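>>> missing the sequence, but the structure's below:
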């Protein structure tokens, strides 16, 4: 177990602890009343073997680490006023008599695939596509009931993972909508209640009472407070799913907006737009915000595809002059370069420049690093913009994460959406941590807005970029696939379940794809 910690200047205000539990790393962050970091400590997360068939999350190890780090805070503990937990999705805890009935299953375990093919749930009802492995919580529950009915019979209360941690801290059980509505197949965002499947299987009645993410459940349980040397008055908040915690800080200022949250995945969330535009074959779904409304969401592996196209080049070598030069040379990058998700996951990406195509290895060897970095940024911005348009996103557009530090991605987005304000996060603190801290003060007046900076682009550059984007083959190829599906299977069926890419549909997709492979003439007037 490794630990890292940073200390800021000593201040006398009260402190808020944010426990951010991700799939690969968890962090304990202490912030003061101004939202500045005082302490950060981290550890890698792991998956552990169990005596059951499935592996589990390292919940016990994380609790031990949390205890150790809290005890080591010394005099800072006396200043602690609030604790909130945020975690990844697709995880739940089953509790009886204040203890776990079985370890929290790891959603990446391939064994959950066994019964997935027999699941027939309506995308129209849940706005959740059928996802691999255990990414749908309902699939996990179905598997557990099938293989471990004796354990499921012992369960008194089910809780999403963030609320399990709040329960461990406070002793009070709860559930919360941003976790219940995170592609679980258990939630109907239209009625803001459990799905028919959850009711039919009697899972809905076993979930803990619903509370708002920002609500105070109570104080840290007395035995834990005494063990850790904490004030008994420390408040424990309900907590939220991590992506929705990140979005919460922006929702306070912009009820209708578009958030681009970037990392390994680039996730586009468009609160305020219609869910009617969602399409399960495009890896789109309806998330649920901490306020309970549906949030149309799309994603692609933006960070990973960006790295593939950079091919080792330093992203900061890119310049807009380089982008303009590449466009004049007929640059075309056809998606996609990663098969694990996103609207173009079933397609093989291609790179064209100066009238010839390049493999990724040829691209790395023959093209200047600055040009590779510029092309990668242009591609990432184009796919992001395609998702925003497909989801019907509103302005302002806010970019968070690594993309917020890439000037080319930002300026291309500003050029492609001249009707909207485009902002980049200017916050040195991780968006999930900042959003969680905001939730602990959700109902307080006078909260300052998110820390962002405006993005602008020269008009002389905006015109060619917009012209090129409107003729980007990615538009026509993916739309051709959608049209071919709906022609073959009917639009109603398309909205019922995530379709598999069979031989017939692949042929139709190929025809639509190749029809777009024509040279583009780029005018820079």
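In hand now; what should we look at? In this text the structure is predicted, and so the values were computed from the model without any measurement.
>>> only C-alpha atoms for contact and neighbour calcs from this point on.
Fine.
>>> give me the below-cutoff pLDDT ranges for the chain.
Low-confidence segments of the chain, defined by pLDDT under 70: 1-12, 473-525.
>>> show me the domain layout of it.
Domain segmentation of the chain under automatic domain parsing yields 5-228, 244-304+374-459.
>>> hey, which of the ones you listed is tucked in deepest?
Neighbour counts (mean count of other Cα atoms under 10 Å) averaged over each of those peak at domain 244-304+374-459, with a mean of 21.
>>> which parts of the stretch 151-300 of the chain are helices?
Secondary structure of the stretch 151-300 of the chain, counting by DSSP state H, counting those that start in this stretch: helices at 161-170, 177-180, 196-200, 222-228, 242-251.
>>> now do the first one against helix 242-251, angle only.
What it means is helix 161-170. Counting by axes from the mean of the first three to the mean of the last three Cα atoms, to 10 degrees, helix 161-170 lies at 90 degrees to helix 242-251.
>>> ok, and what's touching helix 161-170?
Under the criterion Cα atoms under 8 Å, 6 or more residues apart in numbering, residues 84-89, 91-93, 172-176, 179, 217-221, 224, 236-241 lie in contact with helix 161-170.
>>> ok, back up a step: can you list the helices of the stretch 151-300 of the chain in TSV and add distance to residue 269?
Formatted as TSV, the helices of the stretch 151-300 of the chain follow (distance: least, Cα to Cα, whole Å):
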stretch	distance to residue 269
helix 161-170	21
helix 177-180	13
helix 196-200	25
helix 222-228	38
helix 242-251	8
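>>> and residue 51, which of those is closest to it?
When the helices of the stretch 151-300 of the chain are compared by Cα to Cα, helix 161-170 sits nearest residue 51, at 20.9 Å.
>>> the closest one: how far from the chain's middle?
How far helix 161-170 lies from its chain's middle: 21 Å, per Cα atoms, centre = their mean, to the nearest Å.
>>> and what of stretch 227-247?
How far stretch 227-247 lies from its chain's middle: 20 Å, per Cα atoms, centre = their mean.
>>> tell me the buried residues in it?
Judged by neighbour count using 16 or more other Cα atoms under 10 Å, the buried positions of stretch 227-247 are 228-231, 234-247.
>>> rewinding a little: nearest to residue 470, of the domains of the chain?
domain 244-304+374-459 (9.1 Å).
>>> what about the closest one, how long is it end to end?
End-to-end distance for domain 244-304+374-459: 35 Å, by Cα to Cα, to the nearest Å.
>>> likewise stretch 61-80?
Start and end residues of stretch 61-80 are separated by 23 Å (Cα to Cα).
>>> quick one: contacts of that stretch?
Stretch 61-80 is contacted from outside by 12-17, 28, 41, 45, 228-231, 234, using Cα under 8 Å, 6+ apart.
>>> what about it, distance to the chain center?
Distance of stretch 61-80 from the chain centroid (Cα atoms, centre = their mean) equals 28 Å.
>>> and what of stretch 117-124?
Counting by Cα atoms, centre = their mean, stretch 117-124 comes out at 22 Å from the chain centroid.
>>> stretch 224-236 too?
Offset of stretch 224-236 from its chain centre (Cα atoms, centre = their mean): 32 Å.
>>> what's the answer for stretch 313-328, then?
Taking Cα atoms, centre = their mean, one finds stretch 313-328 lying 28 Å from the centre of the chain it belongs to.
>>> endpoints of that stretch, how far apart?
OK, stretch 313-328 end separation, Cα to Cα: 21 Å.
>>> renumber starting at 59 from here on
Renumbered: residue one is now 59, and that last one reads stretch 371-386.
>>> could you pull out the buried residues of that stretch?
Applying 16+ other Cα under 10 Å to stretch 371-386 flags 371, 373, 376, 377, 378, 380, 381, 382, 384, 385, 386 as buried.
>>> mind checking which of the residues you listed are in helices?
When helices are assigned by DSSP state H, the members of those inside them are 378, 380, 381, 382, 384, 385, 386.
>>> ok, and what's touching stretch 496-503?
Contacts with stretch 496-503, where a contact means Cα under 8 Å, 6+ apart, come from 140, 142, 271, 272, 273, 295, 297, 303, 306, 307, 505.
>>> in strands, which of these appear?
Here DSSP state E is the test, and the contacts of stretch 496-503 give 140, 142, 295 as lying in strands.
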